[in-house]
Every structure is written in structure tokens, then in C-alpha cells.
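1. Pasting the sequence and the predicted model now:
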Amino acid sequence: MKIGIGIDTGGTFTDAVLYDFEGKAILESVKALTTKDDLALGILDALDRLPADLVRSAEIISLSTTLATNACVEDKGGRAKLIFFGGDKMVIDKFGGNYGLPRSKDIYIQESYTKFSGEIEREVDWDLFRQNIDGAFEDLDGAGIIEINAMKNGAVVERRAKAVFQERYGIPVVCGYELFSELNCLQRGSSTLLNAGLFPVIQEFLRAVKTAMLRRDIKAAVVIVRSDGSLMSGDFASLRPVETLLCGPAASVIGAVKLSGEENSIIVDMGGTTTDIALVKNSIPVMVTGGVGIGKWKTFVNGLYVKTFGLGGDSVIHYNENKLFLEEYRAVPLCVAAEKHPEVLDNLKKLIARPLKHHLYLHEHFLLVKDLPPGSRYTEEEKALCGALKQGPLILQDAAAAVGRDIYNINTSRLLKEGYVQICGLTPTDIMHIKGDFTGFSSEASALGARIAAYNTGMPLTELCRRVYDEIKRKLYVTILKVLLENKDKYYMKNGVTGDLERLLNESYTMAGGGQGGLSLAFSTAYTLVGIGAPVHIFLPDVAALLGTRALIPEHHGVANALGAVMGNVYASYAAEIRPDYTPGGIRGYTVFAGDESRAFETIEEAESYAVQKAKDGARSEALKRGAWGEISVACALNKHEAQAGDGILHLGTTAAVHALGSFGF
């Protein structure tokens, strides 16, 4: 019997499955709480709930995680900075935000002296570079380097800049050419910067896995899911963490397809922090075109089409007078925090005893996730707060007093963004405890927190609970319709569903539920809604009814991510671009751009032959880097790009796209 272990670490739970590859069956599945302060503890907890003899006999451990996904949605992660040779400040400030880039003032920009063709006019001023970076990257977790024309000149500037940078700094640094071969420098820059910011996120996760394996004497190979659902080695992922951007969602889609057996379905994976929605046609998940986009980031990462948004069991419930809304970010539910920290319950009781209406959320607590690193990177106020939180969670008033501030002027934004401190507040998980749909923790803390929210909004507790559930269903309904529209019309896929149409979708939710008289509007779909993730069964059947379809909640739906993690193959792609060289007299030849190399040819046949071979070699090489063993199969397609020009057709270029498929040999 060949055994594999799938592990999925999310923002709330860490799931694990034991899978029999020969029998194609789940032998055991478990859930444990994710431990943010030390991820290894949650992973060990999950492994220890599985049969020890089978765990030790496992040949492979395959990982998935939403840590990178959550970091993008919540705008968290490590501190990173982009070095952009040849960057134009006006262009960056005008268009860079479309890709997730910061303003030009937050990017190191220096002239590269290269032409559009890639030709180098003169050497970069490396003495100036050394002088300017000295001391400017001391407090960062990673750096990224791109040069505007790197894909046309062998990335010589990027390579040299990395070598110079590493003479001065020991932090992780990656160049754009090492990640992607596409030409759009803004999108390449955002992908490279994001990769640098995710270094500490994924490396901490991989260290935790290795620690857990060492403590339990597990010697299996370690792989991790990429955003397209394929697998890569752990070593490869540590260098290219941006490839894990949709790692967790991709694993959940693969697991859901396996568990449901549905040919055409909409996969809805609701976790603690985010909900991921994907589309499956003829049993094949739909892929994204042009690169994965998530949160503010638009990247060149290949991946499944997944609509990820901030909605989960741990989404923070906030209010403004008599209106309730769910934030995009997560908090530790009051019920969970009170189980571990009894003082949370005591604080809530004191607030209930002396009720006070306030526009700030006085019931929320600050929790210490992990200690600050040594050094002068943080202010005395930040150090004082973390020191006070070592004694236990503090409500806003007590936290402010601990650092000598009032509740209006305490600044916790950086500590929250970088993951050293976390909010504990009222969440849908607490409402589930009140309604009896889930009762794994302190229902008393949930009820107290909800009573404080109800008092501040002036609504009965039962109405508050109803509205929270209704808001979750509305968000699911609207986002499912967005997914269907984006996959039906290229305009919406490119521009999104916003403005008046988004408002109409929200209105249709009320109409579909019979909430408005005199006007009827209802959408329907033939796709089955397949729900996975712990809380999804509470909400999805009602949403399916509004959309005129059915909901399927398969067995093992709570650990579909972990199952999907252990079922992938190694997949790699590579593209070579052929560009015609136009003169006033017509085309004089063709140039092939493959990775960081370029070569000129007289005929299109020669250029295509060379491009195909370079793309095949590149795809095989990439598959080997990701850990593929044995035979690697490749498939190639030549995609011509043309446009109407007067009475004729203008040849814009050709892409040789190659896909390679391999396995890890287990």
C-alpha cells in the first residue's frame, strides 16, 4: 500500500488526510486548529490524530496552504521593496497601481541605459547603486529586482544588480527573469515584488513542516501545490513563493472535483478567512488567462480561475448604528479566544455590566501572535504593547492604557499588518455558536459579544444573528453570479463586474428571496453548487435555491483541500515569443525571445522551429526544477497574433507555448 499525507494549513484550521494511492481512497481525515504563533504545533496536532504507523510509512507529504492567499487579501506579509532599473516614475504612478505596485517614491528606481530592443547603450552606474542601497534595506524581509528590457538582453542588468545587492545584504532577493519571461514590466514588477513579500510567509510554513516531520521521524518527500493545481518541490517553493498564491484554493478545487464527481459545477470553498469560488466544465477546472489576480495584485502566475474574497467563519462583524457589515479581514472568534484565555470572558462580562454605546468596538481584544524580533525596527510604543500582551489579551481601553495612549490614538496598524498582533472579535463563528450550528468552543463568550453588538445597533439579538447569516448568503450569491458573468463575457473577465451591474446583482438577491413587491428579477444556473470547507453547509443550500439549482455537500467536504494537495502532478509551462521585424519595405526577419535570450532569423519557419525547441527545453527544465522524476511529456501549440490593417492582415507575432507534465515517482 502506497501512502501519502495531504496537509492543508489555513488561517483557522490545519487539515490532514491519509490517502491510499493504490486503493484511491481516504483512510483517515482530521482537523486541528492552526497555531499562528508556531505553525509546527498545529501541524503536529493534526499528524498525531492520524494512525502513527501509517504516518511513518508515508512516501510523500503534499502541502497546501492559504497563508499566501490570505496575506494578499488582508494586505499582510513581509516587508519588501522593488528595485526597478529603467522605471518611469510617471508611468508607475499612473498605471502601476493597476498591478499592485506602490507609488514610485516607495520603489528604488535607477537608469538602466538600455533601448527597447534590449541593446545596452552604456554600463549602469554601479557605484551609485552601491551608495544608494547602503542602509536602505536593513529592515526588510526580501527584495525584488527588475530591468525594463531584461527579457530582450539576457537580463544582464538584473543579474549584475543581484550580485551587487548580495555583496551588501543577506536577505532573500529575486530577479524578475528568474520568475517570468513575459514582457510587461509593470506586471513583472508586481509579481517580483509580491514574491519578495511572501518569502517569510512560505519559508515559515515550510520550516514548520520540516520541524514536525523531524519530531515524528517522518522521512517522506515534501511537495507543495502550485496555483494551477500541479505540484512542486518544497525547495522550489521557498525560492518562488509567489507560485503558491492560489495554492490552497487550487487544492480545494482538485479535492472537490474528486469528491463530488460532478462534471459541471461551481466550487464554493468557505474557510475561516476567505471564500474561493471556481468553475468546473466537463470535469476540468477553468484556468485563468493573463495571470492570477488577487486582492490588489495582478501577476504573471499561471493558475486556476478562482474568485477569492474576504468572507469566512472568522470575518470580523462590525456595525455602524443599525447597519451590520463583514470586514474583508479575519479575527480570532471570541468563542475561540475565551477557551484559551479566560480573561476574555471576564472582560466581556465587565462590559455587559456597564453597557456603553460607542463608535469604536470596545469588546474587541488584542492578542499577541509572536514576539517581536530583536533590533530597533519597532517603536517603543509597539514594543510596550507586545510586552503587555505577553500577560494575556487586552481590550482596547486596557491596551491603550498599557502604552500611555487613549483609545483614539493607539497605533497598532503595523503590528497587525505584519502578523505580530491579532484582533479578537465577534465573527460568524460566534453567531454559529449562538444558533447552535457549531458549538466547539465557548458559546457564552459568543453570546456576550453579540449582546454588546446588539446593544450598539439597537436590534434584538435574534435579528442580529439573522442579518449576519443573510449577509453571508448575499455575498455568496452575488459573487457566484460574478463568476458566471466573467466566464460568459470577456468584457467582464477583463474589467470585472462593478458599478450599476454589481448593484443590480445585490438587488436581485433581495428580489429572489421575495423581499420586494411589484418587481421580480431572478438569475438561475444549471451548474451544481459544490460546497467544501467547514461552515459552507450552513449557507449554500439556501443560495442554491435562490439560483434555481442544487447544492451538493460531499463526504469529507471539510478536508477537501488536504485531499486535493495529495492528488496532483508536476506541471510546468514555458513560452517563447516570435516578433516580426518591420521596416518601411515590409518584414525583414523575425526575432525569438525565449527566457532571457533572443535570436534573429530570416524566415518564419526557422523562427518557429527554434522557438518550439526552446519552449520544449524550457518547459522540461522547469518541470525538473519543480521536482519531476522520470519521463516528462510535453505538448506544444503555436498561437499566431494578427490584426486587421487596412485591406490586409498585420502579423503581430507568434507564441510557442509548451506544457510539460511529470510526476514525483510515487
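-> Alright, I've got the coordinates. Numbers count the residues shown, from 1 in each chain.
2. Give the buried residues for the biggest helix by length in the chain.
-> If you go by DSSP state H, the chain has its longest helix at helix 185-215. For helix 185-215, the neighbour count (16 or more other C-beta atoms under 10 Å) marks 185-206, 208-209, 211-213 as buried. C-beta: built from backbone N, CA, C; applies to glycine.
3. Next secondary structure after it?
-> Remark: after helix 185-215, the chain's next helix or strand is strand 221-225, criterion DSSP states H and E.
4. Starting from that next one, tell me which strands it pairs with and how they run.
-> strand 60-65 (parallel), strand 231-233 (antiparallel) (DSSP bridges).
5. Redo those as TSV? Include mean neighbour count and distance to residue 581.
-> Formatted as TSV, the strands paired with strand 221-225 follow (neighbours: other C-beta atoms under 10 Å; distance: least, C-beta to C-beta, whole Å):
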stretch	mean neighbour count	distance to residue 581
strand 60-65	28	45
strand 231-233	24	37
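6. Make TSV out of those and add distance to residue 419 and mean pLDDT.
-> Listed next are those as TSV, based on distance: least, C-beta to C-beta, whole Å; pLDDT from 0 to 100:
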stretch	distance to residue 419	mean pLDDT
strand 60-65	14	92
strand 231-233	25	84
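7. now the helix or strand bottoming out on mean pLDDT in the chain: how far from the chain's centre is it?
-> The helix or strand of the chain with the poorest confidence is strand 629-645; it has a mean of 78 (mean pLDDT, DSSP states H and E). For strand 629-645, the separation from the chain centroid amounts to 28 Å (computed by C-alpha atoms, centre = their mean, to the nearest Å).
8. buried residues in that strand?
-> 632, 634, 636.
9. give me every residue that touches the first one.
-> When the contact criterion is C-beta atoms under 8 Å, 6 or more residues apart in numbering, the partners of residue 632 are 620, 623, 624, 660, 661, 662.
10. sec struct for the first one, please.
-> In three-state terms, and counting by DSSP: H, G, I helix; E, B strand; the rest coil, residue 620 is helix.
11. residue contacts, the residue most central in space within the chain?
-> By C-alpha atoms, centre = their mean, the mean C-alpha position of the chain lies nearest to residue 69, the distance being 1.7 Å. By C-beta under 8 Å, 6+ apart, the residues touching residue 69 are 245, 246, 247, 248, 249, 274, 276, 294, 308.
12. same check, this time on residue 445
-> Residue 445 is in contact with 334, 335, 337, 338, 339, 344, 345, 348, 430, counting by C-beta under 8 Å, 6+ apart.
13. And the buried ones among those residues, selectable in ChimeraX?
-> ChimeraX command restricting the contacts of residue 445 to the buried ones, with burial defined by 16+ other C-beta under 10 Å:
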select :334,335,337,338,339,344,345,348,430
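14. can you put the contacts of residue 445 in JSON lines and add secondary structure?
-> As requested, those are exported to JSON lines (three-state DSSP):
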{"residue": "334", "secondary structure": "helix"}
{"residue": "335", "secondary structure": "helix"}
{"residue": "337", "secondary structure": "helix"}
{"residue": "338", "secondary structure": "helix"}
{"residue": "339", "secondary structure": "helix"}
{"residue": "344", "secondary structure": "helix"}
{"residue": "345", "secondary structure": "helix"}
{"residue": "348", "secondary structure": "helix"}
{"residue": "430", "secondary structure": "helix"}
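15. CSV for the contacts of residue 445, including distance to residue 390?
-> Compiled in CSV, the contacts of residue 445 are given as follows (distance: C-beta to C-beta, whole Å):
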residue, distance to residue 390
334, 21
335, 23
337, 16
338, 19
339, 19
344, 16
345, 20
348, 21
430, 26
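16. returning to that earlier point: out of the contacts of residue 69, list just those in helices.
-> 247, 248, 249.
17. between those residues, which is closest to residue 25?
-> Of all the ones in helices among the contacts of residue 69, residue 25 sits closest to residue 248, with 23.0 Å by C-beta to C-beta.
18. correct me, but the closest one touches residue 71?
-> No. Judged on C-beta atoms under 8 Å, residue 248 makes no contact with residue 71 at a distance of 11.5 Å.
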